[in-house]
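K.L.:
pasting the sequence and the predicted model now:
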Amino acid sequence: MENTKHFDKKVYIETMGCQMNKSDTERILGMLSHFGYEQTEDAKNADLLIVNTCSIRQLSADKAYSLVGVWGKWKQEEHKKELEGKPFRDIKVAFCGCVAQQDKEKLLKRFPYVDLVFGTNNVYELPDLIRRINTGERVCATNETPKKFTEGEEEAKYEIKRAKSLNAWIPIMEGCNNFCTYCIVPFTRGRERSRKPSEIIDEAKKAIKEGFKEITLLGQNVDSYGKTLDKDKDYDGRDVTLANLLRDLNKIDGKFRIRFVTSYPTDITDDLIHAVKECDKVCEFFHIPMQSGNSKVLKEMNRRYNREEYGEIVKKIRDTFEDVAITSDFIAGFPGETEEEFLDTMSAIDEFELDYSNTAAYSPRVKTKAAKWTDRFIDEDTKFERLARLNEKNRQACLKSNEKCIGKIFEILVESFEEKEGKIILAGRARNNKIVHFEGEKNLVGEFVNVKITGASTWHLRGEICSEAGIR
Ligand code: SF4
């Protein structure tokens, strides 16, 4: 495929799911921009329509199917124009991401107007795949074993088309070996593998040079980074760990922040906690999914810790930092979960003083162990009633956590502004990831300012700019 340099086609991409998908989207757009595809926000105007899917929950997969259904109608309308000899657009429709990886050819069968299905391990074959669909072929490319990771070779040839934001997502590892009994990720993203430190550091340096003010290191189990690498071959004899990678990234010149998600509780080492403490650019924020507050349910989920062990990790982190936020994920209505077991989840949010939690009702996913335990499924009403209680508990916990911030001074990275009643209201994030609103000037977007917190509501803080230094 020729590198056209000029844009003669438009691509629209709808991204669902996690940050890893957002990062994949940026890479896909970067690659396509080398082959004449310019991103458009207007799907109706696009020559290539891509849905980057998430298979964590059925709801998200259903959303992707219905979107592709709409695109199929557009394609049929264009085809009708073609038959009538009128000007028409040759629309191509593609599925990628986790649903594509999971459903493969089934998607081509189910959606006859879909031209391309490419999996999470095939992003880097995209130039060839696009060439093939443009010659009229319908293609499914979903390798089970990752041929290339997001580094080197193909990747190096193409820039990443990052979203217009202050934060650059940088994948450092992908896949998972844990096989939690409810989770589809090991099936869609494959086994764990890590990128070489030198390539991550180069990508981070480039992002900082381009003006990004924050980099977020991504991985399904980000704190098990490096296990698939060789310390002599890949890191000059140093242990390849997230802690050492953070130390190296912290040495890059410039004013910027570093974050990392998502952590697996028992992979958080003392050295990682020390590295976060030592490195002034690394934010004091840990996202550590607990999933259930009950040890028996955790065992059935195949999580490698119990309630007490999770609590010990949280305590260690809280004892290390003056100000730190710990957030979590929880599932309501896991197969066989009793009311008492569910109440343990509710009490865990209080006991561990979690600052925020993502919550979801259990959703059976094909191939996973728990999906086969149909005789233990919780009925939908109970499941969603538990979810509603969990959400209310989370709301109260967030408010409590935010109220504790009143009077503190935080360093805020200003992300956006809006005009309200003749005033400019800025919004930004503290190092602990809390959102803060305050009055200021538009030109502060992209800058770091110190803000004294004067008020708290459930989902954000309010404050005023001050000259004193914030919590680092
Ligand atoms: S640790 Fe468990 S929940 Fe997380 S990606 Fe791996 S299998 Fe899924």
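P.N.:
Now that the structure is in, tell me what you want to look at.
K.L.:
strands of the stretch 251-400 of the chain, residue ranges please.
P.N.:
With DSSP state E, counting those that start in this stretch as the criterion, the stretch 251-400 of the chain has strands at 257-261, 285-287, 325-332, 356-361.
K.L.:
buried stuff in the last one?
P.N.:
Of the residues in strand 356-361, those scored as buried under the neighbour-count criterion (16 or more other C-beta atoms under 10 Å) are Tyr356, Ser357, Thr359, Ala360, Ala361. Quick note: C-beta positions are derived from backbone N, CA and C, even for glycine.
K.L.:
surely the first one and Lys393 touch.
P.N.:
No. Contact between Tyr356 and Lys393 fails when scored by C-beta atoms under 8 Å: they sit 11.6 Å apart.
K.L.:
now Lys205: how far from Val414?
P.N.:
Note on Lys205: its distance to Val414, by C-beta to C-beta, to the nearest Å, is 23 Å.
K.L.:
give me the neighbour count for whatever residue of the stretch 251-400 of the chain ends up closest to the ligand.
P.N.:
The stretch 251-400 of the chain approaches the ligand most closely through Tyr264 (5.4 Å), counting by C-beta to the nearest ligand atom. When neighbours are defined as other C-beta atoms under 10 Å, Tyr264 has 20 of them.
K.L.:
contact partners for the closest residue in space to Phe286 that isn't next to it in sequence?
P.N.:
What sits nearest to Phe286 in space, not counting adjacent residues and going by C-beta to C-beta, 6 or more residues apart in numbering, is Ile326, at 5.1 Å. For Ile326, the contact set (C-beta atoms under 8 Å, 6 or more residues apart in numbering) comprises Phe286, His287, Ile288, Val314, Ile317, Arg318, Phe352, Glu353, Leu354, Asp355.
K.L.:
redo the buried residues of strand 356-361 as JSON lines? Include distance to Tyr305 and pLDDT.
P.N.:
As requested, the buried residues of strand 356-361 are exported to JSON lines (distance: C-beta to C-beta, whole Å; pLDDT from 0 to 100):
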{"residue": "Tyr356", "distance to Tyr305": "20", "pLDDT": "95"}
{"residue": "Ser357", "distance to Tyr305": "17", "pLDDT": "95"}
{"residue": "Thr359", "distance to Tyr305": "19", "pLDDT": "93"}
{"residue": "Ala360", "distance to Tyr305": "20", "pLDDT": "91"}
{"residue": "Ala361", "distance to Tyr305": "23", "pLDDT": "94"}
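K.L.:
any idea which of the residues you listed is the one closest to Asn178?
P.N.:
Taking C-beta to C-beta as the measure, Asn178 sits nearest to Ala360 out of the buried residues of strand 356-361, at 17.8 Å.
K.L.:
now do the contacts for that closest one.
P.N.:
Residues counted as contacts of Ala360 (C-beta under 8 Å, 6+ apart) are Arg57, Asp329, Phe330, Ile331, Ala332, Leu387.
K.L.:
the strands of the stretch 251-400 of the chain into TSV, with extra columns for distance to Leu399?
P.N.:
Listed next are the strands of the stretch 251-400 of the chain as TSV, based on distance: least, C-beta to C-beta, whole Å:
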stretch	distance to Leu399
strand 257-261	23
strand 285-287	19
strand 325-332	14
strand 356-361	11
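K.L.:
before we move on, the earlier item: top of the contacts of Ala360 by number of neighbours, please.
P.N.:
Of all the contacts of Ala360, the highest neighbour tally under other C-beta under 10 Å goes to Ile331, namely 27 neighbours.
K.L.:
any regions of the protein where pLDDT drops low?
P.N.:
By pLDDT under 70, the weakly predicted segments of the chain are 1-7, 144-164, 470-472.
K.L.:
enumerate the residues of it near the ligand.
P.N.:
Neighbours of the ligand within the chain, by C-beta under 6 Å from any ligand atom: Cys176, Asn178, Phe179, Cys180, Cys183, Val185, Pro186, Gln220, Asn221, Tyr264.
K.L.:
among those, which ones are buried?
P.N.:
Cys176, Asn178, Cys180, Cys183, Val185, Pro186, Gln220, Asn221, Tyr264.
K.L.:
where's the fourth one, which helix or strand?
P.N.:
Of the helices and strands defined by DSSP states H and E, none includes Cys183.
K.L.:
which residues does it contact?
P.N.:
Contacts for Cys183 (C-beta under 8 Å, 6+ apart) come out as Ile56, Cys176, Arg365, Thr368.
K.L.:
if we can go back for a sec, put the buried members of the contacts of Ile326 into a ChimeraX selection.
P.N.:
The ChimeraX command for the buried members of the contacts of Ile326 (criterion: 16+ other C-beta under 10 Å) is given here:
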select :286,287,288,314,317,352,354,355
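K.L.:
can I get the contacts of Ile326 in TSV with distance to Asn121?
P.N.:
Converted to TSV, the contacts of Ile326 look like this (distance: C-beta to C-beta, whole Å):
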residue	distance to Asn121
Phe286	29
His287	25
Ile288	27
Val314	35
Ile317	34
Arg318	39
Phe352	36
Glu353	40
Leu354	34
Asp355	35
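K.L.:
just the closest of the contacts of Ile326 to Leu166, please.
P.N.:
Nearest to Leu166 among those, with distances taken as C-beta to C-beta, is His287, at 18.9 Å.
K.L.:
what's across from the closest one in the sheet?
P.N.:
Per DSSP bridges, the residues bridged to His287 are Thr327.
K.L.:
roughly how far apart are it and Thr338?
P.N.:
28 Å.
K.L.:
quick check: next helix or strand after the helix ranked longest in the chain?
P.N.:
The longest helix of the chain (DSSP state H) is helix 58-83. Later in the chain than helix 58-83, the nearest helix or strand by DSSP H and E is strand 92-97.
K.L.:
with the residues of the chain next to the ligand in mind, which one is nearest to Asp103?
P.N.:
Distances from Asp103 to these, taken by C-beta to C-beta, are shortest for Val185, at 15.3 Å.
K.L.:
quick one on the thing from earlier: the contacts of Cys183: which two are farthest apart?
P.N.:
Longest distance between any two of these is 13.6 Å, between Cys176 and Arg365; criterion C-beta to C-beta.
K.L.:
please compute how far the one helix or strand Tyr12 maps to lies from its chain's middle.
P.N.:
For Tyr12, the host element (DSSP H and E) is strand 9-15. Taking C-alpha atoms, centre = their mean, to the nearest Å, one finds the center of strand 9-15 at 19 Å from the center of the full chain.
K.L.:
and that strand, what does it pack onto?
P.N.:
When contacts are defined as 3 or more C-beta pairs under 8 Å, 6 or more residues apart in numbering; DSSP states H and E, strand 9-15 packs onto helix 19-33, strand 37-39, strand 48-53.
K.L.:
tell me which of these is the most buried.
P.N.:
When the helices and strands packed on strand 9-15 are scored by mean count of other C-beta atoms under 10 Å, the highest mean neighbour count falls to strand 48-53 (a mean of 26).
K.L.:
show me what that one is in contact with.
P.N.:
9-17, 21, 24-25, 28, 32, 37, 43, 60-61, 64, 67-68, 71, 91-100, 130.
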